[in-house]
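Colleague: have a look at this prediction, sequence included:
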Amino acid sequence: MEWSISKLSTLRQCHRKFYFSYELADFHFTHAVRRKAFELGQSKNLRMWQGTLIDNFFSKRIIPLYKERKAPDYPALADELVEIAKRQFSFSEQRLYRDKTMTKTKAGDTYQILDIHECGVPYKEEDVLAIYTRIREIILQIPEYGSPDPGKTLHQYLLSSSYLQPDIRYWSYEFEGITLNPQIDLVRRNGKSIHVIDWKVSDSTTSDYSKQLYLAGIVAFHNIKKSNREKGFPDPKLEEISLFEINLMNGNRKQHELTRESSAGALDYVYQFRDEQEQLSQNKKWDELRIEDYQTTDKKETCMFCKFKPLCIHLINNNFKYDENEYYKLVSSRQLAGI
Ligand code: SF4
C-alpha cells in the first residue's frame, strides 16, 4: 500500500473530494466527467497560481543552475518568469487545455488552468497585473534570503554546496507493509552535513508541515544509508541530517529536528491512519465505485475552497448524472451571480 500525506489530508477534509481527486479524475478525454474532474483538480485560484509559478520556476529553472555551479542571472530570470506567467494566463483564458490534441507535455511550462476561466470566478485585471509585479519582486529577493547556514544568504548557501539533489521522487522506504514515497524538494550536502529542504509558498503561519518533513527525512536517511553501503562508505548518522522548511515567498525558515523520537512519532501517524486511507482507496475500477458512497462534508469552509465545488453541486442537482451542457450553464449562472 502506498501512503500519501496529501491523500490522507484530502480524505480527512471530505470523502467526496477524495473521490473526485483520486478515484474519478483522469486526464484522458474518454469520459467527460472524469476529464472535468481532472481539469478542476488541476485548476488554481490566483493566489495558488502565484505560489506555483514561484515554486516550479525556482525548483526546475533556478536550482539546476546552482547544481551546475552557475550563478543565476536573477533580473533576467525574473523577466523570464513574468513571460511564462503571461503565456499561462493566455493559455488558460483561451481554454486551450480543453483541446483534445493538447497535452501537458506538449504545452510544457505554458500549461495552466485558472479557476477564473474554468469556473468563472470573478477577478479584476489589476489582480493579475499585481501577480506579475509580485513574482518579479520575489525572484529578485530570493538570493538575499537567509539560509540554514548562519551568515550565508540563500544564494551563497546554494553556490557553496558540495552536492545538490533536487526534486527527488524515486526514493522510498517500506514500513510495516506501507510504502513511503514522499517528494523531496532538495537534498543539499556539504561535508558530513545533509539538509533536507522543503520549499513552501503558502502564506499560512499555522499550517504544520513537520510530519511531511520527518517522513522525507526518514526516507532520505534510509536511501543515503543504502547508497553509502553500496559504495563502501560509513552509514550516515541521524544527527547529521537536518530538516528545513524555507518559504520562497518571504524567506521564512523553520527547522525540525530529526531524532529517534520525532521519526517514531511520524511513523506512528502513518500507521494510525493506514486503515482509513486503505478503506477508501478500494483498488476498484472507477465505474465500479458509487459516488453516493462517498459522504459530503458539512463544513462550509471546506466547500468554500474546494476546487470541485461546481461539479459537486451539478452532480447532486442532476441525480449524479454528468451533463456537460447543464454543467456549463451552472458555471455561467454562478459567474453572473458573482459566486
Ligand atoms: S464541494 Fe464540499 S462536499 Fe463537495 S466535494 Fe468539495 S468539499 Fe466535498
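Modeller: Right, received. Where do you want to start?
Colleague: per-residue confidence for the nearest residue to Asp203 once chain neighbours are set aside?
Modeller: Excluding the flanking residues, the one nearest Asp203 by C-beta to C-beta, 6 or more residues apart in numbering is Met249, at 6.8 Å. (Glycine included, C-beta is placed from N, CA and C.) Here the pLDDT value assigned to Met249 is 94.
Colleague: can you tell me the SS state at Met249?
Modeller: Following DSSP: H, G, I helix; E, B strand; the rest coil, the label given to Met249 is coil.
Colleague: isn't it right next to Trp199, touching?
Modeller: No: when contacts are counted by C-beta atoms under 8 Å, Met249 is not listed as touching Trp199 (9.9 Å).
Colleague: next, the closest residue to Lys36 other than its chain neighbours: secondary structure please.
Modeller: Spatial nearest neighbour of Lys36, excluding adjacent residues (C-beta to C-beta, 6+ apart): Leu311 at 5.9 Å. Three-state call for Leu311 (three-state DSSP): helix.
Colleague: tell me who's in contact with Leu311.
Modeller: Phe20, Val33, Lys36, Ala37, Leu40, Tyr322, Tyr327 (C-beta atoms under 8 Å, 6 or more residues apart in numbering).
Colleague: domain map for the chain?
Modeller: Annotated domains of the chain cover 24-145+296-337, 154-272 [automatic domain parsing].
Colleague: with distance to the ligand added, can I get those domains in TSV?
Modeller: Shown next, in TSV, are the domains of the chain (distance: least, C-beta to the nearest ligand atom, whole Å):
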stretch	distance to the ligand
domain 24-145+296-337	3
domain 154-272	18
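Colleague: and stretch 233-251, how far apart are its ends?
Modeller: 35 Å (C-alpha to C-alpha, to the nearest Å).
Colleague: what do you get for stretch 196-208?
Modeller: Span of stretch 196-208 from end to end, C-alpha to C-alpha: 17 Å.
Colleague: and stretch 288-307, by the same measure?
Modeller: For stretch 288-307, the first-to-last residue distance is 24 Å (C-alpha to C-alpha).
Colleague: got the contact list for the spatially closest residue to Glu80 that is not a sequence neighbour?
Modeller: Among residues not flanking Glu80 along the chain, Arg61 sits closest, at 7.5 Å (C-beta to C-beta, 6+ apart). Counting by C-beta under 8 Å, 6+ apart, Arg61 makes contact with Leu77, Glu80, Leu81.
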